[in-house]
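> Predicted model and sequence follow; I will ask about them next.
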Amino acid sequence: MKILAGIPTRLRSTSGKIADILAQAVDEVLIVSQGAQVNSGSSNVVVHEKDVNFGLVAARNYILSYAVKNNFDFVVQSDDDLSYTPHIIEYMLKEVWDNPTLGAIASSSRAYFNWDKDVECTKNFLLAPCSPQLWVARTSILEEVGEWTLEYLEDREHAARMWKLGYAIGMLHIDISLTHNPFIARTNISAGGQDKSIARKEKLRQAIEYMNKYHSNIVRLKIYEGKSAKRTFSSRYYWNNLLKFPIARFGYALKYEDSRGRIL
């Protein structure tokens, strides 16, 4: 199998470090840079420089397009502000290889793993509503799902379409050593050049309205306003509805069951 890893990055200096980790587990690493400072010592890392306003979603779609054009079988995508070992990639690749109806698998952060550590299941992963931050998928399935569209919540919207096509999503659940940590990125523009809070809030509101319009049968999102709000938004997934899609297409082919009563 031929594996591509992609890192979208903007105005940061951390992608080279992550690329050197990924380079140990994949055939090629593609960094889609937008004014970033990239320092990598691996021979299988390539950098494609784009305009500083190219955008995160455009970068994700560029990585997928590159994978298709160059006949990669699997795509790994990583955010540019994480810390992990190559072993996580190897385990995730094995799971998507062994489970053809698994649309994507994500790494779990240490915090999420601790919250779910007592959940028992028949696989090395738990079912998850989406695959954020660090994930692996078959190129053919990503092609079937289509490009990322929303500027905000793009991972949730793309995942909703993946589930509706019948492909379940998992989150690696083996041992706390096989998790990832975020680390503080050095940037020359705060938050890697992201929008200021007011613009971000409005774009998030638009994304939530879109999700509630087109995917309300499987998830409902709510935005929180005011200075006293402890979180930006919340989401509630309807798992009974979510599971109907892969069952309708593949039956119980995944052979998954967990202590939360989910069977697939």
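Okay, I see it.
> Where is the longest helix in this structure?
helix 197-214 (DSSP state H).
> other SSEs contacting that helix?
helix 154-164, strand 219-223 (3 or more CB pairs under 8 Å, 6 or more residues apart in numbering; DSSP states H and E). For every residue, glycine as well, the C-beta is placed using N, CA and C.
> tell me the most buried of these?
The highest mean neighbour count among the helices and strands packed on helix 197-214, using mean count of other CB atoms under 10 Å, belongs to helix 154-164: a mean of 21.
> Relative to the whole chain's centre, how far out is that one?
10 Å (CA atoms, centre = their mean, to the nearest Å).
> Can you list the low-confidence ranges for the stretch 101-250 of the chain?
184-198, 226-230 (pLDDT under 70).
> Tell me where it has strands.
All strands of the stretch 101-250 of the chain, identified by DSSP state E, counting those that start in this stretch, fall at 102-106, 125-127, 134-138, 168-172, 181-182, 219-223, 233-237.
> Quick check: buried residues in the last one?
Buried residues in strand 233-237, counted by 16 or more other CB atoms under 10 Å: 233, 237.
> which residue ranges form the helices in this structure?
Going by DSSP H, the chain shows helices at 15-22, 56-69, 86-98, 110-116, 139-145, 154-164, 197-214, 239-250.
> of all those, which lies closest to Met1?
helix 86-98 (7.0 Å; CB to CB).
> Show the pLDDT at the residue nearest to Asp51 when sequence neighbours are not counted.
Distances taken as CB to CB, 6 or more residues apart in numbering place Gln34 nearest to Asp51, at 6.7 Å, with adjacent residues excluded. If you check Gln34, the pLDDT there is 96.
> His48 too?
Reported pLDDT for His48: 98.
> chain center to stretch 35-52, what's the gap?
That offset, for stretch 35-52, works out to 20 Å (CA atoms, centre = their mean).
> mind listing what Ser83 touches?
180-183 (CB atoms under 8 Å, 6 or more residues apart in numbering).
> In contact with Tyr224: list those residues for me.
230-234.
> And it, how far from Phe233?
For Tyr224, the distance to Phe233 equals 6 Å [CB to CB, to the nearest Å].
> Just the CA trace of stretch 63-78, in CSV.
Output in CSV follows, covering the C-alpha atoms of stretch 63-78 (Å, rounded to 0.1, in the frame of the first residue of the first chain):
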residue,chain,number,x,y,z
ILE,A,63,-3.8,17.0,-0.2
LEU,A,64,-6.6,14.7,-1.3
SER,A,65,-6.2,15.8,-4.9
TYR,A,66,-2.5,15.2,-4.7
ALA,A,67,-3.1,11.7,-3.3
VAL,A,68,-5.5,10.8,-6.1
LYS,A,69,-3.3,12.1,-8.8
ASN,A,70,-0.3,10.2,-7.5
ASN,A,71,-2.1,7.0,-6.8
PHE,A,72,-1.8,6.9,-3.0
ASP,A,73,-4.0,4.2,-1.3
PHE,A,74,-4.2,5.9,2.1
VAL,A,75,-4.2,9.5,3.3
VAL,A,76,-3.0,10.6,6.7
GLN,A,77,-3.8,14.1,7.7
SER,A,78,-2.3,15.9,10.8
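> what's Asp155 in contact with, if anything?
130-132, 148.
> can you check Val45 too?
So, once contact is read as CB under 8 Å, 6+ apart, Val45 ends up touching 16, 19-20, 23, 28-29, 31.
> Apply 6 Å and report the result again.
Contacts here follow CB atoms under 6 Å, 6 or more residues apart in numbering; on that basis Val45 touches 19, 23, 29.
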